[in-house]
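S.K.: here is a sequence with its predicted model. Questions after.
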Amino acid sequence: MTPEKLQSIAFKWFETFNNKELEKLLSLYDEDAVHFSPKLKIYKPDTNGFVTGKDALREWWQDAFERLPSLNYKVKSLTANVDRVFMEYVRTVNGEEDMLVAEVLDIKENKIIASRVYHG
């Protein structure tokens, strides 16, 4: 895939996430996608930070959208090659300090197969 195509998937990811369009967000993912987040380690310690599959992603993000209705991501930069997008964004939530986040999306055949979140 071209870097431009991968970036378009990433921009769609931000749009659907910020609009809390859960099913459209999930449609960007492969059925067996794996997601890692330090927040998962905190809120669901038994996962060790990982969830696998759309059902687990749905549960995780639905919970986040309900707990944090003002959750929003502001794109700082996107860098893509032929199978991966590196995203930097600012996580904003009312009443919390803004957080700079890095996330990597691994993409195969137009679907996100893995995502990893990094922040301090």
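M.R.: Cool, got the structure. Numbers count the residues shown, from 1 in each chain.

S.K.: where do the strands sit along this structure?
M.R.: Defined through DSSP state E, the strands belonging to the chain, from first to last, are 29-36, 50-52, 72-80, 84-92, 99-108, 111-118.

S.K.: let me know the average pLDDT across the fifth one.
M.R.: Along strand 99-108, the predicted local confidence has a mean pLDDT of 97.

S.K.: also stretch 2-10?
M.R.: For stretch 2-10, the mean confidence score works out to 94.

S.K.: circling back to that earlier point, dump the strands of the chain to CSV, plus distance to Arg58 and mean neighbour count.
M.R.: Placement of C-beta: from N, CA and C, glycine included. As requested, the strands of the chain are exported to CSV (distance: least, C-beta to C-beta, whole Å; neighbours: other C-beta atoms under 10 Å):
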stretch, distance to Arg58, mean neighbour count
strand 29-36, 10, 18
strand 50-52, 10, 16
strand 72-80, 18, 15
strand 84-92, 20, 18
strand 99-108, 17, 17
strand 111-118, 14, 18
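
S.K.: centre of the chain to the least confident helix or strand in the chain by mean pLDDT, how far?
M.R.: Scoring the helices and strands of the chain by mean pLDDT, DSSP states H and E places helix 38-43 at the bottom, with a mean of 90. Centroid displacement of helix 38-43 relative to its chain, using C-alpha atoms, centre = their mean, to the nearest Å, is 14 Å.

S.K.: which other helices and strands contact that helix?
M.R.: Using 3 or more C-beta pairs under 8 Å, 6 or more residues apart in numbering; DSSP states H and E as the contact definition, the elements that helix 38-43 packs against are helix 54-67, strand 111-118.

S.K.: tell me which strands the shortest one pairs with, and in which orientation.
M.R.: According to DSSP bridges, strand 111-118 has the following sheet partners: strand 29-36 (parallel), strand 99-108 (antiparallel).

S.K.: settle this for me: Thr79 is touching Phe86, isn't it.
M.R.: Yes: counting by C-beta atoms under 8 Å, Thr79 sits close enough to Phe86 to count as a contact (4.5 Å).
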